[in-house]
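# 3D, please:
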Amino acid sequence: MANIVKQPAEELVRLTNIDKTYGSGDRATEALHDINLSIKTGELVALLGPSGCGKSTILRIIAGLVQPTNGDMLYRGKPLRGVNPHTAIVFQSYALFPWLTVQENIEVTLKPLGLTPLERTKRALNLLDKVGLDGFETAYPRELSGGMRQKVGVARAMSVEPELLCLDEPFSTLDVLSAENLRGELMDLWSSGVLPTKSILMVSHNIEEALLMADRLIILDKSPGHVLAEVAIKLPHPRRRKDRPFLQLVDQVYALIAGKTQTEAEELGAAPGEPGKTRPLPHAPISAISGLLERVNEEVADRIDLYRLADELDEPLDDMLPSVEASEMLGFAKVESGDLSLTPLGQTFAEASIQAQKEIFAARIRRVPMIRWIRSMLSAARDRALHWDVFQTALALEFSPDEVERQLDTAVNWGRYAELFFFENDMLSIDNPASLPEPEHQEEERQDFDPVG
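Purely as a prediction, here's the structure:
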């Protein structure tokens with residue numbers, strides 16, 4: 001692969017003090033807060049961060065598909081109004097028309113440009129040749145592999161000759177080998193100047209992917225989405241995963257995203273209705289938390305590099321970080337400089353029997369504000385039980401509808417495992433419904449019933 005030739009940079013995009021809030025009043029949810037970033041010609045910029053940090057929302061603001069609540073979005077120094085005509089997006093879901101052929105899927109995007117049928121056909125065939133799909137012009141999407149379908153998506157986005165090509169996690173639904181192949185081919189097209197675009201903006205949650213491709217990383221954090229750091233990547237292309245400078249960058253980025261374990265009070269945060277920011281539960285199942293701790297406990301050294309751990313577990317950032325966050329929150333592990341180490345309590349948990357793990361987990365989550373809040377609500381309720389909807393309504397003041405569901409799902413998963421509360425027929429209760437005596441009238445009915453007749 002040839003090195004990318006840099007031209008004198010012009011600023012294409014500038015976001016200044018961008019906020020994005022969904023809903024209003026008590027149900028308002030802040031998705032982005034005070035976002036400041038720029039994209040210049042000749043660079044590939046990657047937005048990197050965990051799920052829920054607003055990466056795709058930023059991309060859609062730049063494309064003009066979403067309007068910010070506050071702040072300025074400038075394209076070539078002018079405020080953007082409506083859809084940005086200078087951008088095109090490649091989505092992770094392919095977004096192809098299944099009833100159209102490969103060639104027709106590209107040509108249909110060219111009709112609004114006013115090109116003649118002959119011009120549309122000529123441009124479509126030329127692009128299919130560039131992305132290596134010549135010979136598949138008459139195939140339908142169902143006849144193609146995932147990687148080939150995504151190539152059609154790239155060709156379609158390129159067909160309108162955008163100044164800014166936006167990639168919204170385009171490799172995330174592909175298998176490892178297909179994703180690797182498509183990344184390499186896209187970088188070949190970009191470095192050779194074949195792509196009719198001046199800049200690329202890519203959304204990713206894969207650290208290695210971003211470091212292999214981008215000139216600059218904009219690292220985001222969530223609750224709400226905000227810029228955590230910017231990292232310039234000066235390594236030449238092609239980049240190799242095993243090179244020491246590359247591995248050092250991976251460690252640096254992991255350390256930025258994973259952060260450093262705070263004090264117990266800061267890790268726990270506040271419960272709904274309490275002063276301070278409500279601490280959401282990490283979306284980590286029990287099995288993932290215990291599996292992580294048991295794996296780290298097998299290490300001879302006192303700590304393990306998060307990058308190496310993710311590689312050994314074959315888990316992307318989005319899948320591993322919630323378990324890491326939960327382990328920190330519960331006092332089982334600590335993170336510092338991109339390394340994870342177990343606390344004495346974490347080691348005890350990892351080596352304990354199944355029942356002992358359950359008891360330790362129950363003792364720890366009693367301190368977690370969200371769990372404590374649910375138990376206090378149930379304790380104060382009649383019959384020590386409340387419908388799921390009660391908690392949905394209360395949490396809707398703090399989180400988006402999707403996040404409310406995820407928070408309750410995680411809380412119920414943790415609480416049931418620890419037997420701190422129970423869930424049946426959309427009811428949460430302190431007492432186990434299976435252990436309660438039946439109502440007296442049901443007992444009387446049973447006594448009156450004569451099985452003999």
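# any idea what residue 87 is bridged to?
Residue 87 has the following beta-bridge partners by DSSP bridges: residue 164.
# can you tell me how far it sits from residue 300?
Applying C-beta to C-beta, to the nearest Å, the value for residue 87 to residue 300 is 50 Å. Glycine gets a C-beta too; all of them are placed from N, C-alpha and C.
# and these two? Which one has more around it.
Between residue 87 and residue 300, counting by other C-beta atoms under 10 Å, residue 87 is the more crowded of the two (25 against 5).
# now do the contacts for the closest residue to residue 94 other than its chain neighbours.
When the adjacent residues along the chain are set aside, residue 94 lies closest to residue 149, with 4.7 Å between them (C-beta to C-beta, 6 or more residues apart in numbering). For residue 149, the contact set (C-beta atoms under 8 Å, 6 or more residues apart in numbering) comprises 94, 96, 141.
# for those residues, please prepare JSON lines with the additional fields distance to residue 104, pLDDT and neighbour count.
Shown next, in JSON lines, are the contacts of residue 149 (distance: C-beta to C-beta, whole Å; pLDDT from 0 to 100; neighbours: other C-beta atoms under 10 Å):
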{"residue": "94", "distance to residue 104": "15", "pLDDT": "70", "neighbour count": "20"}
{"residue": "96", "distance to residue 104": "10", "pLDDT": "85", "neighbour count": "21"}
{"residue": "141", "distance to residue 104": "10", "pLDDT": "88", "neighbour count": "18"}
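# what about the residue positioned nearest the centre of the chain, distance to residue 316?
What sits nearest the mean C-alpha location of the chain, by C-alpha atoms, centre = their mean, is residue 51, with 1.9 Å. Distance from residue 51 to residue 316, counting by C-beta to C-beta: 10 Å.
# go on, residue 373?
Noted for residue 373: a distance of 31 Å to residue 316, by C-beta to C-beta.
# check residue 296 too.
Going from residue 296 to residue 316 by C-beta to C-beta gives 18 Å.
# go on, residue 309?
Distance from residue 309 to residue 316, by C-beta to C-beta: 12 Å.
# and if you look at residue 115?
Per C-beta to C-beta, residue 115 is found 40 Å from residue 316.
# neighbour-wise, which of residue 373 and residue 316 wins?
For residue 373 versus residue 316, the count of surrounding residues by other C-beta under 10 Å is larger for residue 373: 20 against 16.
# between the contacts of residue 149, which is closest to residue 189?
Residue 189 lies nearest to residue 94 out of the contacts of residue 149, by C-beta to C-beta, at 18.4 Å.
# list the contacts of the closest one.
By C-beta under 8 Å, 6+ apart, the residues touching residue 94 are 141, 146, 149, 150, 152, 153, 173.
# tell me where the stretch 351-453 of the chain has strands.
Applying DSSP state E, counting those that start in this stretch to the stretch 351-453 of the chain gives strands spanning 385-387, 422-424, 427-429.
# wait, which of those is closest to residue 394?
Across the strands of the stretch 351-453 of the chain, residue 394 has its closest neighbour in strand 385-387 (9.9 Å, C-beta to C-beta).
# what helices or strands is the closest one leaning on?
Contact analysis of strand 385-387 by 3 or more C-beta pairs under 8 Å, 6 or more residues apart in numbering; DSSP states H and E lists helix 369-380, strand 427-429 as its packing neighbours.
# so what touches that strand?
Identification of contacts with strand 385-387 by C-beta under 8 Å, 6+ apart yields 377, 378, 426, 427, 428, 429, 430, 431.
# where's the last one relative to residue 385, distance?
By that I understand residue 431. Distance from residue 431 to residue 385, by C-beta to C-beta: 8 Å.
# neighbour count winner among the two?
residue 385 (16 against 13).
# if the more buried one is in a bridge, with which residues?
Following DSSP bridges, residue 385 is listed with bridge partners residue 429.
# any idea of the pLDDT on it?
pLDDT for residue 385: 89.
# same check, this time on residue 350
Reported pLDDT for residue 350: 92.
# next up, the contacts around residue 147.
Residue 147 makes contacts with 174, 178, 179, 181, 182, as judged by C-beta under 8 Å, 6+ apart.
# which pair in those residues spans the largest distance?
174 and 181 (8.7 Å).
# for these two, indicate the residue with more neighbours.
Neighbours were counted for residue 174 and for residue 181 using other C-beta under 10 Å; residue 174 has more, 19 against 16.
# so which elements touch the one helix or strand residue 60 maps to?
If you go by DSSP states H and E, residue 60 is part of helix 55-62. In this structure, helix 55-62 packs against strand 11-22, strand 29-40, strand 44-48, strand 70-75, strand 164-168, strand 199-204, with contacts taken as 3+ C-beta pairs under 8 Å, 6+ apart.
# nearest to residue 339, of those?
Closest to residue 339 of the helices and strands packed on helix 55-62, according to C-beta to C-beta: strand 44-48, at 19.7 Å.
# what does stretch 52-64 contact?
Counting by C-beta under 8 Å, 6+ apart, 13, 15, 18, 20, 31-32, 35, 37, 39, 47-49, 66-68, 73, 75, 80-84, 87, 89, 164, 166, 168-169, 201, 203-205, 220-225, 403 sit against stretch 52-64.
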